[in-house]
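Asker: I'd like to go over a predicted model; first the sequence, then the structure.
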Amino acid sequence: MLAPARLGISTAIPAALGLLLAVTAWGHPSIQAPIAELTNRIRLQPQAASLFLRRAQLYRLNREFSLAWQDLEICARLNPAEPGLDRSRAMVLLEIDDPSQALPLLDRAVASAPDDHEARLLRARAMVALNRPREALADLDDHLARSKSPSPDVYLERARLVLSMESTDNQEALAGLERGISRLGPALSLEQEAALMELRMGKIQAAQARARSISGQFERPGAWHAWQGELMERAGLQLEAQAEYTEALEEIKRQKPEDSRAGAQVSAIEDRLRRPARPQDSHVEGKGR
């Protein structure tokens, strides 16, 4: 193994990865073909560190973590300064739930490439796992500022991280979502989360207005009415929730019978209509604001 003490990596890692390999599926056929192509190229260029790094990334995507780690070690022997090596090592460690081993690698990746916003995102996730939320929040904000096309999921991560902190700040969490919506457009996942956030803050009318504004983004009207029902139920508006669930049922039953999703959706909504109304969300205050 390559200088584990210098890399901050435990010598127990390969054994853990080997154990994981024993319970890992063979993988996805769509990834096997490019792995085979890289393997052929490696036979012709056995000193090309970048090829081992690329194959390791595919092995990781295929959840073949032991093979990924082996390729990363070969890459490190061939070129310890290979761009992306520390980040790739850390990604494997995060996949096997070892953030404490991943963190020093990510620290080094960020130090050597300050503009590597993906390394900052990974470090934020490692920080969250290690219960260091404020440092994680700083890295998330840095990632969002540096990334040209951030994923809506990162804005969701940020909002949920803010809410998980001791000094829960609903307004800051909502403001972060609004920044994402302003930058990316009305992404459905962000609008839904923002509506729920407005409910927690007692801004029921704002949540209802937001829900109406995104109705066209749902694939089917029934799905929108079902979500509206959930939203109204969380707000403690039981009559409105029942009406939305009923409308959702009617819409879904009008779908083609061969749609396999319809049966499951109908069952779920009928179950919701049969169950007693749940208590109003304790975070919702000041109805009608």
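Answerer: Sure thing, it's come through.
Asker: So which bits of the helix or strand Leu163 falls within are buried?
Answerer: Assigned by DSSP states H and E, Leu163 falls within helix 152-164. Of all the residues in helix 152-164, those buried under the rule 16 or more other CB atoms under 10 Å are 152, 154-159, 161-162. Placement of C-beta: from N, CA and C, glycine included.
Asker: Out of those residues, which is nearest to Leu78?
Answerer: Taking CB to CB as the measure, Leu78 lies nearest Val154 of those, at 33.0 Å.
Asker: and that closest one, what is it in contact with?
Answerer: The neighbours of Val154, taking CB atoms under 8 Å, 6 or more residues apart in numbering as the test, are 121, 140, 143-144, 147.
Asker: ok, 10 Å please
Answerer: Val154 sits next to 117, 121, 124, 140, 143-144, 147, 180 when contact means CB atoms under 10 Å, 6 or more residues apart in numbering.
Asker: same question, Glu118
Answerer: Contacts for Glu118 were tallied using CB under 10 Å, 6+ apart; they are 84, 87, 91, 109, 143, 146-147.
Asker: Make a PyMOL selection of whichever of the residues you listed turn out to be buried.
Answerer: Entered in PyMOL, the line below selects the buried ones among the contacts of Glu118, by 16+ other CB under 10 Å:
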select buried, resi 84+87+91+109+143
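Asker: Reformat the contacts of Glu118 as CSV; add distance to Leu61.
Answerer: Below are these laid out as CSV (distance: CB to CB, whole Å):
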residue, distance to Leu61
Gly84, 14
Arg87, 14
Met91, 10
Ala109, 19
His143, 21
Arg146, 24
Ser147, 21
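Asker: how about the helices in the stretch 101-250 of the chain?
Answerer: For the stretch 101-250 of the chain, the helices defined by DSSP state H, counting those that start in this stretch cover 117-129, 133-146, 152-164, 170-184, 188-200, 204-213, 221-234, 238-253.
Asker: Quick one: closest of these to Leu67.
Answerer: helix 117-129 (20.6 Å).
Asker: Quick check: buried residues in the closest one?
Answerer: 117, 119-129.
Asker: wait, doesn't Gly202 sit right on Gln171?
Answerer: No: counting by CB atoms under 10 Å, Gly202 sits too far from Gln171 to count as a contact (11.8 Å).
Asker: Between those two, point out the one with more neighbours.
Answerer: Shown here are Gly202 and Gln171; by other CB atoms under 10 Å, Gly202 has more neighbours (19 against 10).
Asker: does Gln47 sit in a helix, a strand or a coil?
Answerer: Classification of Gln47 using DSSP: H, G, I helix; E, B strand; the rest coil returns coil.
Asker: got it, and Pro80?
Answerer: coil.
Asker: Please name the nearest non-neighbouring residue to Val266.
Answerer: Take Val266 and drop its neighbours on the chain: the residue closest to it by CB to CB, 6 or more residues apart in numbering is Ile252, 5.6 Å away.
Asker: thought that neighbour was touching Trp224?
Answerer: No: checked against CB under 10 Å, the pair Ile252 and Trp224 is beyond contact range at 11.1 Å.
Asker: Surely Glu240 and Glu230 touch.
Answerer: No: with contacts counted by CB under 10 Å, Glu240 stays clear of Glu230, the gap being 11.3 Å.
Asker: And for Ala241, the neighbour number?
Answerer: Count around Ala241 with other CB under 10 Å applied: 22.
Asker: Sorry, wrong one. I was asking about Leu177.
Answerer: Neighbour tally, Leu177, other CB under 10 Å: 26.
Asker: what sits against it?
Answerer: Neighbour list for Leu177: 152, 155-156, 158-159, 162, 187, 189-198 [criterion: CB under 10 Å, 6+ apart].
Asker: just Ala187 next, same as before
Answerer: Counting by CB under 10 Å, 6+ apart, Ala187 touches 151-153, 155-156, 177, 180-181, 193-194, 214, 217.
Asker: Now pLDDT and distance to Leu61 too, for the residues you listed, in TSV please.
Answerer: Compiled in TSV, the contacts of Ala187 are given as follows (pLDDT from 0 to 100; distance: CB to CB, whole Å):
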residue	pLDDT	distance to Leu61
Ser151	95	17
Pro152	96	21
Asp153	96	17
Tyr155	97	24
Leu156	96	22
Leu177	96	29
Gly180	97	26
Ile181	96	30
Glu193	93	27
Ala194	95	32
Ile214	87	32
Gln217	86	29
